[in-house]
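Q: what shape does this take:
(one chain, ligands or ions: 1)
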Amino acid sequence: MKRQAVVLPKRHTAVLHYNSRMSEFHALVPAAGFGARMGHELPKQYLPLSGQPMIFHALNTLCACLEIATVFVVLAPDDTLFHTYDWSRFGDKLQPLYCGGAERAESVMNGLIASELEPDDWVLVHDAARPCLTQAHLSKLIAELRGDAVGGILAVPVADTLKRADSGGRVLRTENREQLWQAQTPQMFRAGLLAQALQQCGSVTDEASAVEALGLRPKLVLSESTNFKVTYPQDLLLAELLLNQRGNRT
Ligand code: C5P
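A: Predicted coordinates:
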């Protein structure tokens, strides 16, 4: 059956009514970045982690989730590394799309268009650089949001005291951390709504920010700090310890 592609609505109207067809769940993994803060010549998603390239771990967890129909991975158009690994264990469930953009939001937008999802399908956008995602995180996210009109994100309440710095690296003031949460991924929205949000929003660092700019309030689904993003070299060691301790089970 030919699938109808995501059509971008022209006006600033949130799509909150969906047809009666059973919505599917799909994952989309933006992996077209480089990860300059790792200070490595290999793009971050391909750094070795627990015997695999880092991106393997998120793809493995997403592909093992029975509720997710397809896992799209958005690669840089000139990516030469992805095809050098053996992804055959994931079969057709894993779909590489060579359409990444200059920024994360552009990679997600290009991936949404190339994936040809139905507007009312759910899409779970997950960072390639969050290798410690588990099936429990995924199940919780899907269970809490599948009946939601807006969608939402995995997140954790901020635990540390927050300091705002001046330009000289000294404390300007202490910020109130009450009701502050740290956003994680997956971020789960309807494909049509997300495409509309990203089209209307400029540069954002996560999908929820674009949806918020439409005047909507994504739900915060309590996650765990173990679903952290590998950003600095020391994060890699922590991720390796966690994955090895789990025996690489998802
Ligand atoms: O750099 P950062 O860790 O914030 O990137 C988060 C995710 O977004 C990574 O999986 C990265 O590969 C992806 N990304 C992308 N296209 C870009 C920049 C980042 O797909 N142009």
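Q: from memory Pro43 sits against Gly33, does it?
A: Yes: in this structure, Pro43 is within contact of Gly33 by C-beta atoms under 8 Å, at 7.1 Å. Just so you know, the C-beta spots here come from the backbone N, C-alpha and C atoms, and that holds for glycine as well.
Q: list the contacts of stretch 60-73.
A: 24-29, 31, 55, 59, 82, 90, 93-97, 111, 114-115, 124, 126, 128, 133-135, 138-139, 142, 248, 250 (C-beta atoms under 8 Å, 6 or more residues apart in numbering).
Q: if we can go back for a sec, more neighbours: Pro43 and Gly33, which one.
A: Pro43 (23 against 19; other C-beta atoms under 10 Å).
Q: which residues touch that one?
A: For Pro43, the contact set (C-beta under 8 Å, 6+ apart) comprises 33-35, 81.
Q: quick one on the thing from earlier: which among the contacts of stretch 60-73 are in contact with the ligand?
A: 31, 128 (C-beta under 6 Å from any ligand atom).
Q: what number of residues lie near Leu141?
A: Neighbourhood size, Leu141 [other C-beta under 10 Å]: 25.
Q: mind checking the SS state of it?
A: Following DSSP: H, G, I helix; E, B strand; the rest coil, the label given to Leu141 is helix.
Q: restricting to C-alpha, output the one helix or strand Gln196 maps to in PDB.
A: Using DSSP states H and E, Gln196 sits in helix 191-200. Below are the C-alpha coordinates for helix 191-200, written out as PDB (Å, rounded to 0.1, in the frame of the first residue of the first chain):
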ATOM      1  CA  ALA A 191       4.400  13.200  12.600                       C
ATOM      2  CA  GLY A 192       2.100  15.900  11.100                       C
ATOM      3  CA  LEU A 193       2.200  18.100  14.200                       C
ATOM      4  CA  LEU A 194       6.000  17.700  14.500                       C
ATOM      5  CA  ALA A 195       6.500  18.600  10.800                       C
ATOM      6  CA  GLN A 196       4.300  21.700  11.200                       C
ATOM      7  CA  ALA A 197       6.100  22.700  14.400                       C
ATOM      8  CA  LEU A 198       9.600  22.300  12.900                       C
ATOM      9  CA  GLN A 199       8.600  24.100   9.700                       C
ATOM     10  CA  GLN A 200       7.400  27.100  11.600                       C
END
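Q: counting by contacts, list what the helix or strand just after that helix packs against.
A: Next along the chain after helix 191-200, taking DSSP H and E as the criterion, comes helix 207-212. In terms of contacts (3 or more C-beta pairs under 8 Å, 6 or more residues apart in numbering; DSSP states H and E), helix 207-212 is packed against helix 104-115, strand 152-157, strand 181-190, helix 191-200.
Q: check which helices and strands the second one sits against.
A: In terms of contacts (3+ C-beta pairs under 8 Å, 6+ apart), strand 152-157 is packed against helix 135-145, strand 181-190, helix 207-212, strand 219-222.
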